[in-house]
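Undergrad: Predicted model and sequence follow; I will ask about them next.
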Amino acid sequence: MACDLAVMADDAFIRHVGPEHGSVPAGGATQWLPIMVGDRRAREILLLCEEIPAAKAAEWGLVNSAVPRDELDAEVDRLVQSLTAKLPQTVRYTKQQLNFWRDLSWHETVNHARDWLALSMATDEPREAMEKFLSRKKDDD
C-alpha cells in the first residue's frame, strides 16, 4: 500500500491474515486501504482474510497490473524507464500532492491504531492464535 506503483505476478495472491492470527491491522491497512479500494472492499479484505487473486487485486486497485510471472521483471523495468524519463522535482511534488489524504489519514489515526494493537495483544486471544499458528508450522515440517 505504501508503493507508488505495484506490479504483481498473475499467479500470486494478496491476503490479510491479522484477524485470524490475533493481530489488529494497524500498519496502515485501516487508514489507507479504504482510500485505495473503498470502504466495503477494505472491510472484506481485513475482516474475511480471504485470498485475493492477482487479477482481482488489479481490478480493485491494490496493484496497477498483474502480469505473467516470466514478464514481471520486464514490466517493472518498463515502469522504471518511464519514471526516470520524468522531471524529478515535478514527480516529487506530484507525489506530495497525491499522498496528502493518505498522509493525513495516517497522522490522524496512527496513535489510535497503535493503542488498539497494544490493547489487543495484551489479551489471551492473540497469544492463543499465535501458538496455534506456530504449532501448525511445526506440524508441516
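TA: Good, I have the coordinates.

Undergrad: CA only for contacts and neighbour counts going forward, please
TA: OK.

Undergrad: quick one, helices of this structure?
TA: In order along the chain, the chain carries the following helices (DSSP state H): 18-21, 29-37, 39-43, 54-60, 72-84, 88-98, 100-121, 124-140.

Undergrad: So which elements touch the third one?
TA: Right, helix 39-43. With contacts defined as 3 or more Cα pairs under 8 Å, 6 or more residues apart in numbering; DSSP states H and E, the secondary structure elements packing on helix 39-43 are helix 29-37.

Undergrad: Same check on the shortest one?
TA: If contacts are counted by 3+ Cα pairs under 8 Å, 6+ apart, helix 18-21 sits against helix 124-140.

Undergrad: Between helix 100-121 and the helix it packs on, find me the angle.
TA: 90 degrees (axes from the mean of the first three to the mean of the last three Cα atoms, to 10 degrees).

Undergrad: which secondary structure elements does helix 124-140 contact?
TA: Helices and strands touching helix 124-140, as assessed by 3+ Cα pairs under 8 Å, 6+ apart, comprise helix 18-21.

Undergrad: buried stuff in the helix it packs on?
TA: The neighbour-count check on helix 18-21 (16 or more other Cα atoms under 10 Å) flags 18, 20-21 as buried.

Undergrad: and of those, the nearest to residue 60?
TA: Top of the list for closeness to residue 60, among the buried residues of helix 18-21 and by Cα to Cα, is residue 18 at 20.3 Å.

Undergrad: That closest one and residue 25 touch, don't they?
TA: Yes - taking contacts as Cα atoms under 8 Å, residue 18 lies within contact range of residue 25: 6.0 Å.

Undergrad: gap between the nearest residue to residue 72 once chain neighbours are set aside and residue 115?
TA: Spatially, and ignoring its direct neighbours in sequence, residue 72 is nearest to residue 9 (6.2 Å; Cα to Cα, 6 or more residues apart in numbering). Distance, residue 9 to residue 115, by Cα to Cα, to the nearest Å: 35 Å.

Undergrad: Compare the two (neighbour count), which wins?
TA: Neighbour tally, residue 9 and residue 115, criterion other Cα atoms under 10 Å: the higher count belongs to residue 9, 18 against 13.
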